[in-house]
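Asks: Turn this into a structure:
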Amino acid sequence: MKLQHVLGGARALSHLERYVNAETRTYSAASAVNEVRPRFQPASRELCFLLPEFAIPREEVSIFEDALPPKLRSRYVSETECWFPVHPEILNDSSIPHLSEIEAHPSRRMHCVSPMASTRTVYVFREPNVPAHYLKLHLPRQISRFYRFMRYITVEFCVAMSEDLRHLALEQFAYLPESLAMAVGDRENGWGVLVRETEPRPKVSDQRAYIPFFALYGKDVDRPTDRPLLAQLIDASGADPVEFTFTKLIEPLIATWCHAVQERGIILSAHAENVLLEIDAAFNPTRVVHRDLDVEVDPLIRSRRGIHTDFHKNRIDIDVEASRAAIYSLNYDSFMGHHLFEYLARTLQQVYGSDAEALRSMARTSFHRVFQEADEFFPETVYYYKNRAGRSEQVPLIDTGKKPVWR
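Replies: The predicted structure follows:
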């Protein structure tokens, strides 16, 4: 993909999400697994597919909100009913609780939706008088290592996180709000859908474009000879490749991740699929945009800050089986370090012959400068998932015995 095409709005972002990803899923044996039918996967050559939705009486639906735009709310919620989307992959699946009850209600076909990189998140093509948005759908099929449930407690939690992150103030930080959730059933066995906005918070006045971090180093399947977008950004800036990659990408990621931990006890899941690079019209990186708010929370930090811990899931030492040290290492050492930073460093090596260790050293220095209390929370070694998959949202974490190279 050519850099100038990144400024092409929603269609450009859709292409980045779906097709500028060759050779990016090599970080684990499970990373390329996808049980969803090919026509619903991001790699499909179909522009979109039709998403069914069902008119469920409002009293049968739990609704969670975080200051979403009124026109977006009215698209799904009225005084008498909620329009509840269901992924076509799971229609008529009798093993899914409440699905037969949902399907008994009147239905309609929505306008086309396009799968994003995660498969279960889809972009809703613009409808009249409705802000552009995404839907994150219940999809209990194995994608990568996990079965992608959207439990009642998950959608409730994500909206709470969307509200909580509004308290963070850092120039380089932004996130995509998950500002509406609808769920059927109860917290024990219910499930639902999330509405994710396309405009990051905090809002900015000028036009910006967004590049998923994996697309910075991924090859375009339609134009495999194009230089990586990372290299095109570097060339456009005229900067030193290592200096640019550190100051514009790695350092802001470290800063925003550590800031969320230190200020709110929120451990963002900042792997390459969950973070976007925001650029302005002159291709200057401006902010790191985080998405997917199903993250862990550290009650220890929140209690020290005098912040509530009134959530129903993902609290370390309460709801999470793994240790505090293992969770921190997974998210920083593995998700950010191995799954993202290492790919950026490899790209610099391949394109410019740059020294990867120089980049790692700069990252280590930056990390300990902004997170001076890190030794209280992190282990001496790296933790990662045990090599198995299952219908649990929590796969055990194991000590790999490896020393971290990015912190």
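
Asks: middle-most residue in this protein, spatially?
Replies: In the chain, the residue lying closest to the centroid (C-alpha atoms, centre = their mean) is Asn274, at 2.9 Å.

Asks: can you tell me which residues contact the residue nearest to Leu137 when sequence neighbours are not counted?
Replies: Nearest non-adjacent residue to Leu137, counting by C-beta to C-beta, 6 or more residues apart in numbering: His87, 4.4 Å away. For glycine as for every other residue, the C-beta is placed from the backbone atoms N, C-alpha and C. Contacts of His87 were listed using C-beta atoms under 8 Å, 6 or more residues apart in numbering, and they are Phe40, Leu51, Arg120, Leu137, His138, Leu139.

Asks: Isn't the last one up against Arg148?
Replies: Yes - here Leu139 reaches Arg148: they are 4.5 Å apart, a contact under C-beta atoms under 8 Å.

Asks: what is in contact with the two at once?
Replies: If you check Leu139 and Arg148 against C-beta under 8 Å, 6+ apart, the residues they both contact are Thr119, Arg120.

Asks: before we move on, the earlier item: just curious, which of the contacts of His87 is nearest to Tyr328?
Replies: Among those, Arg120 lies closest to Tyr328 (C-beta to C-beta), at 26.2 Å.

Asks: Would you mind measuring from the closest one to His290?
Replies: Distance, Arg120 to His290, by C-beta to C-beta, to the nearest Å: 18 Å.

Asks: residues near the closest residue to Gln207 other than its chain neighbours, how many?
Replies: Leaving aside its sequence neighbours, Gln207 sits nearest to Ala281 (C-beta to C-beta, 6+ apart; 6.1 Å). By other C-beta atoms under 10 Å, 10 other residues sit near Ala281.

Asks: quick one: secondary structure of Ala281?
Replies: coil (DSSP: H, G, I helix; E, B strand; the rest coil).

Asks: For it, give me its contacts.
Replies: Here Ala281 is in contact with Leu7, Asp206, Gln207, Ala209 (criterion: C-beta under 8 Å, 6+ apart).

Asks: Pick out the most distant pair among the residues you listed.
Replies: Leu7 and Asp206, at 12.3 Å, using C-beta to C-beta across those.

Asks: those strands in the stretch 151-300 of the chain, which residues are they?
Replies: Secondary structure of the stretch 151-300 of the chain, counting by DSSP state E, counting those that start in this stretch: strands at 173-175, 178-184, 191-197, 209-212, 219-220, 266-267, 275-279, 285-290, 296-297.

Asks: Let me have those in TSV, adding mean pLDDT, distance to Val159 and mean neighbour count as columns.
Replies: Output for the strands of the stretch 151-300 of the chain, formatted as TSV (pLDDT from 0 to 100; distance: least, C-beta to C-beta, whole Å; neighbours: other C-beta atoms under 10 Å):
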stretch	mean pLDDT	distance to Val159	mean neighbour count
strand 173-175	98	13	24
strand 178-184	98	5	25
strand 191-197	98	8	24
strand 209-212	98	22	23
strand 219-220	98	35	20
strand 266-267	98	14	25
strand 275-279	98	20	23
strand 285-290	98	16	22
strand 296-297	98	14	24
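
Asks: got those strands as a markdown table, with distance to Ser100 columns?
Replies: Shown next, in a markdown table, are the strands of the stretch 151-300 of the chain (distance: least, C-beta to C-beta, whole Å):
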| stretch | distance to Ser100 |
| --- | --- |
| strand 173-175 | 36 |
| strand 178-184 | 11 |
| strand 191-197 | 13 |
| strand 209-212 | 36 |
| strand 219-220 | 42 |
| strand 266-267 | 37 |
| strand 275-279 | 37 |
| strand 285-290 | 36 |
| strand 296-297 | 34 |
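
Asks: out of the ones you listed, which comes closest to Phe311?
Replies: The nearest among the strands of the stretch 151-300 of the chain, by C-beta to C-beta, is strand 296-297 at 6.1 Å.

Asks: Please enumerate residues in contact with the closest one?
Replies: Contacts to strand 296-297, defined as C-beta under 8 Å, 6+ apart, come from residues Gly265, Ile266, Ile267, Thr309, Phe311, Asn314, Arg315, Ile316, Val320, Ile327, Asn331.

Asks: Pull the contacting residues for the closest residue to the fourth one other than its chain neighbours.
Replies: Read it as Thr309. Nearest residue to Thr309, sequence neighbours excluded (C-beta to C-beta, 6+ apart): Pro299, at 4.3 Å. Contact analysis of Pro299 by C-beta under 8 Å, 6+ apart lists Gly265, Thr309, Arg315, Ile316, Asp317, Ile318.

Asks: Mind giving me the ChimeraX select for these, buried ones only?
Replies: Provided next is the ChimeraX selection string for whichever of the contacts of Pro299 are buried by 16 or more other C-beta atoms under 10 Å:
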select :265,315,316
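
Asks: which stretches of this structure have low pLDDT?
Replies: Counting by pLDDT under 70, the chain has low-confidence residues at 388-394.

Asks: Domain parsing of it, as residue ranges.
Replies: The chain breaks down into these domains under automatic domain parsing: 3-197, 209-399.

Asks: Span of the shortest one from start to end?
Replies: Between the opening and closing residues of domain 209-399 lies a distance of 39 Å (C-alpha to C-alpha, to the nearest Å).

Asks: now do the longest one
Replies: Using C-alpha to C-alpha, the end-to-end distance of domain 3-197 comes to 25 Å.

Asks: Excluding covalently adjacent residues, which one is nearest to Ala358?
Replies: Ala358's closest residue in space is Val242 (C-beta to C-beta, 6+ apart), at 5.8 Å.
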